[in-house]
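> take a look and give me a structure for this.
(3 chains)
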Amino acid sequence: MNSVPLSQQASARPPSGGETGLPGYLKGLNAEQRAAVEATDGPVLVLAGAGTGKTRVLTTRLAHILATGRANPWEILSVTFTNKAAREMKERVGAIIGEAVEGLPWLGTFHSIAAQILRRHAELVGLKPSFTILDTDDQLRLIKQILQAEGIDDKRWTPRHLASLIDGWKNRGIRPEKLGEEDRWTFADGKADVLYRLYQERLKVLNACDFGDLLLHNLTIFTENADVLALYHRRFRYLLVDEYQDTNVCQYLWLRLLARGSGNVCCVGDDDQSIYGWRGAEVDNILRFETDFPGATVIRLERNYRSTGHILGAASGLIRSNRSRLGKTLWTEDDPGEKVQVRGLWDGDAEARFVADEIEAFVRSGNQHNDIAILVRASWQMRAFEDRFIMLGLPYKVIGGPRFFERAEVRDAHAYMRLVRSAEDDLAFERIVNVPKRGIGETSVQKIAAAARSAGVSMSEMAGLMVQTDEIRGKARTALQVFLRDVERWRAQADTMRHDELAEIILDESGYTAMWREDKSPQAAGRLDNLKELIRSMGGFDTLEAYLEHVSLVADLDQASDGDEVSLMTLHAAKGLEFPLVFLPGWEETVFPSQRSLDEGGTASLEEERRLAYVGITRARERAIISFTANRMIFGRWQSVLPSRFIDELPPEHAEAKSETGYYDAGPGFAGVSEPADPFRSAYDSPGWKRFKAAQESGARRDPGVIEGKAKLIESGDNGAGGFKRGDRVFHLKFGYGRILVADGAKLTVAFDKAGEKKVVSSFVEKA
DNA sequence: CATCGATAACTTTTT
DNA sequence: GTTATCGATG
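Numbering: from 1, shown residues only, chains lettered A, B, ... in the order given. Next up is the predicted model:
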């Protein structure tokens, strides 16, 4: 997923070892790394700082246990957080051992392993082994239905809110009956426990569970069935946990139960890189490790093989402001390199221009776009960069972003398949009875739902009954008849046909593909491509079940990682990656640290923001460039903003403010530049200055008169190269259809139907 | 029952 | 600035 070529991924570059008589895989590890590999028995905590060769230690350790015959591949439980990490580990262990690692059946993410276990013992928690795993979307719709059924105002108490509460409880291992008195009152005037229970009951009826249930059900099974737990105690002789700082309470309890068997549990992590507190991760888990597992060996990896001295110095200085941490001191033998740069800009557009200019200069001096990443706090910040890059024709890719399996068209297609596979799947039924529009409206669906629920049968079944009565009339009735008959037919075909072929037929015959083909919106083409991609990726699985399991546990499809492109992503998505040049824009109070972290959560959440900053800086190998602006458009409104406190916390000896324009020199107190009068601040606050800068900086963009003036001038020069000329209709992947206003060589000014007037490079559009 | 327009609510971060 | 939702109209 989203990967950068291997050469760019975290990789230790230890000194070449001169040891002889050692197994090859141990050579080249430094003393601490080797200790971490060889401490196989008992509880071990490896505190692996950024860039200290964590993945290498983990994979070598696994290889070591196998190579020394301490355990068979199926006796090792290795858990990671992301599928990417799991995949990488499989690959690297395979490379060391030199054979296929299909034999590591218990290497995977927490969720995929929990799902595996749950499928084997589903009956113990009242599910059938074929249970479906709901995604957030299904979950929300289910909760909404429950709220409506209970007569709760779903505006005042949003499904989203309840979903996040339930999620939080599950993360902490709390089942409905154990919900505390005070938690009850967190939602709908004391009804929280009732709603939580109803939700769980409804899941059971649907033979489904949500993400949090995967682990929570495991916990229930283990605590209530000693024999089952004993089975896994016997099975797992070694436990290996990656990114331990990201575990939540439920995952921690799960691990503790399993570790009670062999006692050989090795957790690798970095408390300074704990950035998932908002979804239940407990830094405490790693901070408490030594008390939780008495007699634990703790090994610190502090030698960094990734970044220059200044980058490490800046990052270390920053993270020192955090109070709750175990404390590590990263060091390197590399050059100090160049200081971390800090740049102040006027607004977001200026920042994007600055970054793009720096990128072009960097590439001109012989570097690759692939060597560069821009890391932002939140995805809305990406827009300014994308706009600029599109205009310049600068190649870039967004890592993370909207995910394939969560796209509406993909989920619709899945719903069709789910319904064909199982008539019981009410959520799937509801989702697509009327997609594409068949004339079966809200009222009909509600009628079916109500009747089905009171009769205790599935909606499909109830619909089948109702078309034979006068319950539903007219257009809706015939449409429903046709729909049910179609589903029946597909279901009959399912036995004799490959599942990907069938999927194609379903999408065709249901009119779903046609719906998008007739859609003229800019995204329609992309959606059709996604459907094609979906069919293609289904082909890679033996059964429909295997495919559906995959999509519910894997967040994304592998992105083709070819092409020389700048990477644009959030700080969260950047964890584990590294780049020679890293841009860290948007370092302003309320943006980073985010408003939310300032409003709620107190010190803990501010410290998490700081860790995020730390993660950002430590992604850089050679250069890190931090920037902030004086004005930022937030919610479509211009606000003047202050430089982030994190900038003040950078040690002056490792960071420097660079300024060319002269209107900004240094942030308040930054870099030891003491400016008692603080001219910068006062200048910024002066309205006159603002008006002046606003006029000067952004006149061209914000004043339509200027643009038109320029446009007219060039227009008279008429057509440009590339076969595009004024008046041509064009299509752009992001902006949709539009008409060319100005063609100036490869630079086009296009009035897009939806997106408005944009400047783009001709290679980004095609004739419509 | 569907379509269009207005309005309100909103943005972290994701297995 | 956008996207989801709601209400009035065809």
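> so what pLDDT did the spatially closest residue to A:Gly401 that is not a sequence neighbour get?
Nearest residue to A:Gly401, sequence neighbours excluded (Cβ to Cβ, 6 or more residues apart in numbering): A:Ser379, at 7.0 Å. All C-beta atoms are positioned from the backbone trio N, CA, C, and that covers glycine. Per-residue pLDDT puts A:Ser379 at 91.
> the one 3 residues further on now?
A:Met382 carries a pLDDT value of 94.
> neighbours around the closest residue to DNA strand C within the stretch 451-600 of chain A, how many?
Proximity to DNA strand C, evaluated over the stretch 451-600 of chain A using Cβ to the nearest atom of the strand, is greatest for A:Gln523 at 9.2 Å. Neighbours of A:Gln523 under the rule other Cβ atoms under 10 Å: 17.
> what of A:Asp387?
There are 17 residues near A:Asp387, going by other Cβ under 10 Å.
> just checking, it touches A:Ala352?
Yes. At 7.1 Å, A:Asp387 counts as touching A:Ala352 under the criterion of Cβ atoms under 8 Å.
> show me what contacts A:Ala36?
With contact taken as Cβ atoms under 8 Å, 6 or more residues apart in numbering, A:Ala36 is in contact with A:Val44, A:Val46, A:Val57, A:Arg61, A:Val268, A:Ile299, A:Leu301.
> in the helix or strand harbouring the fourth one, what counts as buried?
Spelled out, it's A:Arg61. Assigned by DSSP states H and E, A:Arg61 belongs to helix A:54-67. By neighbour count with 16 or more other Cβ atoms under 10 Å, helix A:54-67 contains the buried residues A:54-66.
> export those to TSV and tack on distance to DNA strand C and pLDDT?
What follows is the buried residues of helix A:54-67, written out as TSV (distance: Cβ to the nearest atom of the strand, whole Å; pLDDT from 0 to 100):
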residue	distance to DNA strand C	pLDDT
A:Lys54	37	93
A:Thr55	36	91
A:Arg56	41	92
A:Val57	42	94
A:Leu58	39	93
A:Thr59	40	93
A:Thr60	45	94
A:Arg61	44	95
A:Leu62	42	93
A:Ala63	46	91
A:His64	49	93
A:Ile65	47	94
A:Leu66	47	90
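> does DNA strand C have contacts with the longest helix belonging to chain A?
Scanning chain A for the longest helix, with DSSP state H as the assignment, gives helix A:474-493. No. Helix A:474-493 does not reach DNA strand C (Cβ under 7 Å from any atom of the strand); its nearest approach is 11.7 Å.
> how far away is the residue nearest to A:Gly401 from DNA strand B?
From A:Ser379 over to DNA strand B the distance is 3 Å, taken as Cβ to the nearest atom of the strand, to the nearest Å.
> can you tell me how far that residue is from A:Lys90?
Counting by Cβ to Cβ, to the nearest Å, the separation of A:Ser379 from A:Lys90 is 29 Å.
> kindly report the same for A:Phe131.
26 Å.
> neighbour count winner among the two?
A:Phe131 (22 against 19).
> need the contact list for the nearest residue to that one once chain neighbours are set aside.
Residue nearest to A:Phe131 in three dimensions, not counting chain neighbours: A:Asn207, with 5.0 Å by Cβ to Cβ, 6+ apart. By Cβ under 8 Å, 6+ apart, A:Asn207 lies in contact with A:Leu127, A:Lys128, A:Ser130, A:Phe131, A:Thr132, A:Glu424.
> now with 6 Å?
A:Leu127, A:Lys128, A:Phe131 (Cβ atoms under 6 Å, 6 or more residues apart in numbering).
> which among these gets closest to A:Val457?
Nearest to A:Val457 out of those is A:Lys128 (Cβ to Cβ; 16.7 Å).
> for the closest one, grab phi and psi.
Note on A:Lys128: backbone dihedrals following degrees, to the nearest 10 are phi -90, psi 150.
> got it, and A:Cys266?
Main-chain dihedrals, A:Cys266, degrees, to the nearest 10: phi -120, psi 120.
> and it, how far from A:Ala86?
With distances taken as Cβ to Cβ, A:Cys266 is found 16 Å from A:Ala86.
> now do A:Glu578
20 Å.
> A:Arg160 now?
In terms of Cβ to Cβ, A:Arg160 sits 29 Å off from A:Ala86.
> higher neighbour count, these two?
A:Ala86 (21 against 14).
> which positions in the helix or strand that one falls within come out as buried?
In this structure, A:Ala86 sits in helix A:83-97 according to DSSP H and E. Judged by neighbour count using 16+ other Cβ under 10 Å, the buried positions of helix A:83-97 are A:83-90, A:92-94, A:96-97.
> same deal with stretch A:128-143?
A:Phe131, A:Thr132, A:Ile133, A:Leu134, A:Asp135, A:Asp138, A:Gln139, A:Leu140, A:Leu142, A:Ile143.
> out of those residues, flag the one nearest to A:Leu502.
For those, the residue nearest A:Leu502 by Cβ to Cβ is A:Thr132; the value is 18.4 Å.
> how about low-confidence regions in chain A?
A:1-21, A:99-102, A:557-561, A:659-722, A:732-736, A:745, A:752-759, A:763-764, A:768 (pLDDT under 70).
> now do the longest strand belonging to it: which elements does it pack against?
In chain A, assigned by DSSP state E, the strand with the most residues is strand A:620-634. Counting contacts by 3 or more Cβ pairs under 6 Å, 6 or more residues apart in numbering; DSSP states H and E, strand A:620-634 packs against strand A:340-347, helix A:348-364, strand A:579-584, strand A:637-640.
> burial count for A:Gln116?
Around A:Gln116 there are 16 residues (other Cβ under 10 Å).
> A:Ala613 contacts A:Ile647, doesn't it?
No. Here A:Ala613 does not reach A:Ile647: they are 9.5 Å apart, not a contact under Cβ atoms under 6 Å.
> give the contact list for A:Ala449.
Counting by Cβ under 6 Å, 6+ apart, A:Ala449 has no contacts.
> quick check, the one helix or strand it maps to touching DNA strand B?
Assigned by DSSP H and E, A:Ala449 belongs to helix A:442-455. Yes. Residues of helix A:442-455 contacting DNA strand B under Cβ under 7 Å from any atom of the strand: A:Glu442, A:Thr443, A:Ser444.
> ok, now stretch A:340-349?
No. Stretch A:340-349 stays clear of DNA strand B (Cβ under 7 Å from any atom of the strand), getting no nearer than 13.2 Å.
> on that earlier part again, quick one: the helices and strands packed on strand A:620-634 as CSV, columns for mean neighbour count too.
Shown next, in CSV, are these (neighbours: other Cβ atoms under 10 Å):
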stretch, mean neighbour count
strand A:340-347, 23
helix A:348-364, 19
strand A:579-584, 24
strand A:637-640, 11
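> nearest to A:Leu29 among the ones you listed would be which one?
strand A:579-584 (24.7 Å).
> who does the closest one touch, helix- and strand-wise?
strand A:372-376, strand A:620-634.
> which one of those is the most hemmed in?
strand A:372-376 (a mean of 26; mean count of other Cβ atoms under 10 Å).
> is any part of that one close to DNA strand B?
No. Applying Cβ under 7 Å from any atom of the strand, one finds strand A:372-376 separated from DNA strand B by no less than 8.2 Å.
> who wins for most neighbours among the residues of helix A:442-455 next to DNA strand B?
Per-residue neighbour counts (other Cβ under 10 Å) across these peak at A:Ser444, which has 23 neighbours.
> so who does A:Ala122 touch?
Shown in contact with A:Ala122 (Cβ under 6 Å, 6+ apart): A:Lys128, A:Pro129, A:Phe131.
> apologies, that question was intended for A:Ala378.
Contacts of A:Ala378 (Cβ under 6 Å, 6+ apart): none.
> now the angle from the helix holding A:Arg61 to helix A:83-97?
50 degrees (axes from the mean of the first three to the mean of the last three Cα atoms, to 10 degrees).
> near DNA strand B, which residues of chain A show up?
So chain A meets DNA strand B at A:81-83, A:109-111, A:136, A:155, A:211, A:275, A:278-279, A:377-380, A:400, A:403, A:434, A:437-444, A:475-476, A:555-556, A:570, A:572-573, A:594, A:596-597, A:605, A:635-636 (Cβ under 7 Å from any atom of the strand).
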